[in-house]
Structure formats: C-alpha cells, structure tokens
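> With the input below, show me the fold.
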Amino acid sequence: MGNNTETSTYDVVVIGGGPVGENAADYAIRGSDRTAVIIEHELVGGECSYWACMPSKGLLGPGAALAAAHALPGARERQSAPLPEPSAVLERRDTITGARDDTSQVDWARGAGIEVIRGHGRIVGEREVSVGDRRIHAREAVVVATGSTASIPPVAGLREALPWTSRDATNLVDIPQRIVVLGGGVVACEAATWLLDLGVREVTMVVRGHRLLPKNEPFVGEMVAEALTERGADIRFGTQFDSVHRPEVADTGYGHLHGGPAQVTLSGSGEVLEVDEILVAAGRAPATTDLGLGSIGAEESGPLRTDDHMIVPGHPWLYAVGDVNGRVALTHMGKYQARVAGDVIAARAEGRNLDSPRYSAFADHSAVPQVVFTRPEVAVVGLTEQQARDRGIDVTVADMDLAVAGTYLLDPDYSGQAKLVIDRSRDVIIGATFVGAGTAELVHSATVAVVGEVTLDRLWHAVPSYPTVSEIWLRLLESLR
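Have a look, this model is predicted:
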C-alpha cells in the first residue's frame, strides 16, 4: 500500500451509505461503545433518497391527489386543470430530495456515532477495506450495502443513444413530448404514470412479455394496463428493441434531454418509433463488480449470497444486505435485512447466541410486502396462488371485487380487486393482493397476518372499522366461511 498509507480501525465497516447501510451501522453499534464507519462514493442516503423511492413518489403524489379529488362530486367541480402543474411537481421533487444535498444525512450519521468516509471502498483482504490510499480494518464485521445499478440490454445502438435509466427519469428537468419505455415492471409502470401526469404527449411501453407486473396475480397487470391505456399510453406486448439510432447525442446530466430524436426499431414487426427520449427500465444488477471480492476468493460479479443471518458463507466477518445480495430488491426489505445484520453483529460481539427469530431474515422467503404506486395502486404481500401451488402447497383462495362502503365513499365508480391465498392445511393466509385506490394502507395488516400466521378463525375477530376500505377483509373472510 505504500509508506504514506493511513490505517484506521473500527468495529464495523460498512461499504455503501444508502438507507440499508445506515441501518446496518446504526443497529450494530446502538447503545454500545462500538465504532462504525460508512464508506460512500456518491451521496449518503443512497439511491432511495435521491434517485428512486422518494423522488418517484414525489412525482406520483400530485397526480394521485387530483385523481382522488376528481372522483368526488363537489371536489371535481372545483378542479381547474386535469393534470398537475409540471414546474410545481418538479420543485416539490427537488424539495423531497434536498436537491441532492446529503448534508442532513451525513449529520444524522455522525450524530449516531457513525463516521463517514467519502470514496470508493474495496475489500482487499479479511476484515480489510481500502479507500484510495487509506486502509480500514474491521474488528468485528465488514458489511457490503452497495445496492444495484440499472441494466442496459445489449441492443445495437442503445447504449450509444444515452437512454434514460430510472435515475434520469426521477430527476427529469425537460419534459419530452414522446418517450418510449422499455420494460413492464414496477419502475416502468410508475414512470409511465407520472410521465402522463406531467403531460408527455406520447408514452409508448415496449414489453417483452404479455402482461405488466408479471410477478403478481394476473389481474394486477390487466388492471394497471387498462388504466394506463385509458390515459393514453400505448402498450406494445410481445416485442422488444431490435436496434436504436440517435445521430445527435450529448450527455447533459440527470433528467435533461440528451440530444435529438431517436429511432427505435421493434423486433418482429420492424416498426420504427421516433421518440425524444428512451427510458430503459429492464431490471437492475447487484453492484459488486468493483468491490475487490476476488481478494477473498469470492465471485467478482453477480449477487453476494448470504445466509439468513446476512453472513456470506465461508466469511464469518462479511455481511451483505440490500439489493447487493440478490434476495429482494426493495428498500424496506433491505433495511429489514440491515436491522437483522446489525443485531447479529452486536449479539456476536457481546457473546450472545443467535437462537432468537430476531436474528434471522426469514420474511425474505415468503412474507415480502410491496406497493406499486400506479393508479390504481397495487399492494401485495407473500405468495401468489401460482407461486404457492408451485411450492406444492394445497391452497384455497378468496377473490372478489373491492367494493365496500369505504370504497364507495372514495369514488362512486370505484374499481378494484382483492385476493387472499390460504394454506388449507394450516388455515392461515400466505398471500394477499389488493388493487385499487387507497389499497397501500391495507398491505401492512395483511403482512401481520402472514408473518404472524394468524388463523382465519382468529382473524375473524379482527373487526374492520366502518366505513373504510379495510371492510374488504370482512367480505373476504365471509366468502371463506
């Protein structure tokens, strides 16, 4: 390393300063005299704070509020415009992200007793991490929380055309008139929603498969596709990009138009779409390629696999949490893993055993909740019916329109659907899906039921308040009696 190498020692070294890394460091040292450091080469607060969850929900909120008002007579008549005011939406987005200033996040970390080092961290040996010419030693643990990066498919001319990824879409400054979105997952569907809200004239979605949100119950993608189509989106199923041509290209930074129009040729038909921007929402890859994992004999790309204590097998000092381990690519689940990892690090440092469920990230396997903030909203937890059957579980289902007094009060023309998947032998819910306005707040009750393995006989006594959307629980349970 050279004679000028500076060496520092901490109990816990965390590579990656997003919300996942912050939680791991905090839980590992909270209430103790242990020391921790976060190494971050971009912004403390990570993808979620500046480029993903927070700005995307900021962009989606105003359109959702207008849609809710438009659904109700009395409020509808007071609306002066059908769409949000774009400049105000973007200003609110910038307020939410702090204009990508991480000062408050750094202040929080230091206030929690966590040091912050700017730079790119690489593992160089057992319990050893380098940051430039600086070497960091970990007494107890190294935690990798580097997240993931957007994938660009190997389509001729696509990378050279400088397409938008999710980072550009959430930080857009100039609003294009014509955009093509490659993908049919969560990022693609949410982005199409807010792009339509911002007044984009032509939103075309190119989807390789035959439905949106394919990991969910089939009705989910059908309802979201129908709503997007009604609002003007053009969804092309069963196709993908064959090639892209963009003669004028200039990288002007997140969210700015990158140049002149692009021509996108679709596979099969050979149809050419001329667009102002291309958004690639075709998945993400764990950010492991420049971590130095080869120095400890690990694979230098792909997910860094762990056990349920979040420990990398064969390396009892090494933990991986969040997108980087390939388990579940959701911020809240990454933070959950980080809390588990932090608790495990603390317990091992203090000589405590790991027998408690507190030290095992078992929810990753069958109790993962997620909300997709499209219109209608999608709220899910656990297994779909098909996933359960594929696991050999004998299931029964409750499946019905989401129509109760609470939904009528939200919108006289409310449209939604709910489904429960029940393990017949244990009489417990193992999956739940809700689609419709206001369903985001239903998913946690379903999550508690799944994680707690609450029997239907017991759940019958969890009485929903009237008149709320939660009344759907009563209707679903009644259908199973």
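> now the strands for the stretch 301-450 of the chain?
With DSSP state E, counting those that start in this stretch as the criterion, the stretch 301-450 of the chain has strands at 318-320, 369-372, 378-382, 395-401, 417-423, 428-435.
> Ok, which of those strands comes nearest Arg208?
Arg208 lies closest to strand 369-372 among these, at 18.7 Å (C-beta to C-beta). To be clear about C-beta, it is placed using only N, CA and C from the backbone, and glycine gets the same treatment.
> still on that earlier bit, find the one among the strands of the stretch 301-450 of the chain with the highest mean neighbour count.
Mean neighbours per residue, mean count of other C-beta atoms under 10 Å, is largest over the strands of the stretch 301-450 of the chain for strand 318-320, with a mean of 28.
> can you pull out the strands in the stretch 51-200 of the chain?
Ranges of strands within the stretch 51-200 of the chain are 114-118, 121-125, 128-131, 134-144, 148-150, 178-182, based on DSSP E, counting those that start in this stretch.
> Including mean pLDDT and distance to Trp194, could the strands of the stretch 301-450 of the chain go into JSON lines?
Below are those laid out as JSON lines (pLDDT from 0 to 100; distance: least, C-beta to C-beta, whole Å):
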{"stretch": "strand 318-320", "mean pLDDT": "98", "distance to Trp194": "32"}
{"stretch": "strand 369-372", "mean pLDDT": "98", "distance to Trp194": "13"}
{"stretch": "strand 378-382", "mean pLDDT": "98", "distance to Trp194": "15"}
{"stretch": "strand 395-401", "mean pLDDT": "98", "distance to Trp194": "27"}
{"stretch": "strand 417-423", "mean pLDDT": "98", "distance to Trp194": "23"}
{"stretch": "strand 428-435", "mean pLDDT": "98", "distance to Trp194": "19"}
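> so which of these gets nearest Ser356?
strand 318-320 (17.6 Å).
> related to what we said a few turns ago, using CSV, please lay out the strands of the stretch 51-200 of the chain together with mean pLDDT.
Shown next, in CSV, are the strands of the stretch 51-200 of the chain (pLDDT from 0 to 100):
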stretch, mean pLDDT
strand 114-118, 98
strand 121-125, 98
strand 128-131, 98
strand 134-144, 98
strand 148-150, 96
strand 178-182, 98
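> Tell me which of the ones you listed lies nearest to Leu60.
Closest to Leu60 of the strands of the stretch 51-200 of the chain is strand 178-182 (C-beta to C-beta; 15.0 Å).
> So which residues make contact with the closest one?
By C-beta atoms under 8 Å, 6 or more residues apart in numbering, the surrounding residues in contact with strand 178-182 are 153, 163, 188, 191-192, 195, 200-206, 240-241, 261, 264, 273-282.
> Quick check: Val249 touching Leu158?
No - the criterion here is C-beta atoms under 8 Å, and Val249 misses it with Leu158 at 11.7 Å.
> Show me which of those two is the more surrounded one.
Leu158 (22 against 12; other C-beta atoms under 10 Å).
> thinking again about what came up before, now intersect the contacts of strand 178-182 with the strands, please.
Taking DSSP state E as the definition of strands, the contacts of strand 178-182 contribute 202-206, 241, 264, 273-275, 277-280.
> List just the nearest of these to Leu213.
Once C-beta to C-beta is applied, the member of those that ends up nearest Leu213 is Met205, at 11.8 Å.
> got any ranges where the stretch 201-350 of the chain has weak pLDDT?
Along the stretch 201-350 of the chain, segments meeting pLDDT under 70 span 255-258.
> what about 90?
247-260 (pLDDT under 90).
> burial of Leu162, as a residue count?
Neighbours around Leu162, by other C-beta under 10 Å: 18.
> typo on my end, it should be Gly199
If we define neighbours as other C-beta under 10 Å, then Gly199 has 13 of them.
> One more: Arg389?
Residues within reach of Arg389, counting by other C-beta under 10 Å, total 13.
> what's near enough to touch the closest residue in space to it that isn't next to it in sequence?
Spatially, and ignoring its direct neighbours in sequence, Arg389 is nearest to Val395 (6.4 Å; C-beta to C-beta, 6 or more residues apart in numbering). Neighbouring residues of Val395 by C-beta under 8 Å, 6+ apart: 385, 388-389, 421-424, 430.
> for those, which one is nearest Gly132?
The closest of the contacts of Val395 to Gly132 turns out to be Ile430 (C-beta to C-beta; 48.7 Å).
> contacting residues around that closest one?
366, 382-383, 388, 393, 395, 421-423, 450.
> Which one of those residues is nearest to Thr407?
Nearest to Thr407 out of the contacts of Ile430 is Val421 (C-beta to C-beta; 21.5 Å).
> Distance check, that closest one against His332.
With distances taken as C-beta to C-beta, to the nearest Å, Val421 is found 21 Å from His332.
> likewise Gly157?
37 Å.
> With Gly452 instead?
From Gly452 to His332 the distance is 18 Å (C-beta to C-beta).
> Who has more neighbours out of those two?
His332 (16 against 13).
> what's near enough to touch the more buried one?
His332 touches Pro369, counting by C-beta under 8 Å, 6+ apart.
> Is it possible to get the strands of the stretch 301-450 of the chain out as a markdown table so that each row also shows distance to Val131?
Shown next, in a markdown table, are the strands of the stretch 301-450 of the chain (distance: least, C-beta to C-beta, whole Å):
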| stretch | distance to Val131 |
| --- | --- |
| strand 318-320 | 17 |
| strand 369-372 | 34 |
| strand 378-382 | 39 |
| strand 395-401 | 50 |
| strand 417-423 | 47 |
| strand 428-435 | 44 |
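> Select, out of those strands, the one closest to Ala169.
With C-beta to C-beta as the criterion, Ala169 lies closest to strand 369-372 of these, at 15.5 Å.
> Against which helices or strands is that closest one packed?
helix 186-197, strand 378-382, helix 443-452 (3 or more C-beta pairs under 8 Å, 6 or more residues apart in numbering; DSSP states H and E).
> Now do the longest one against strand 202-207, angle only.
It refers to helix 186-197. Using axes from the mean of the first three to the mean of the last three C-alpha atoms, to 10 degrees, the direction of helix 186-197 lies 170 degrees away from that of strand 202-207.
> what's the spacing between Arg305 and Ile345?
Distance of Arg305 to Ile345, given as C-beta to C-beta: 18 Å.
> ok, now Val264?
The spacing between Val264 and Ile345, counted by C-beta to C-beta, is 48 Å.
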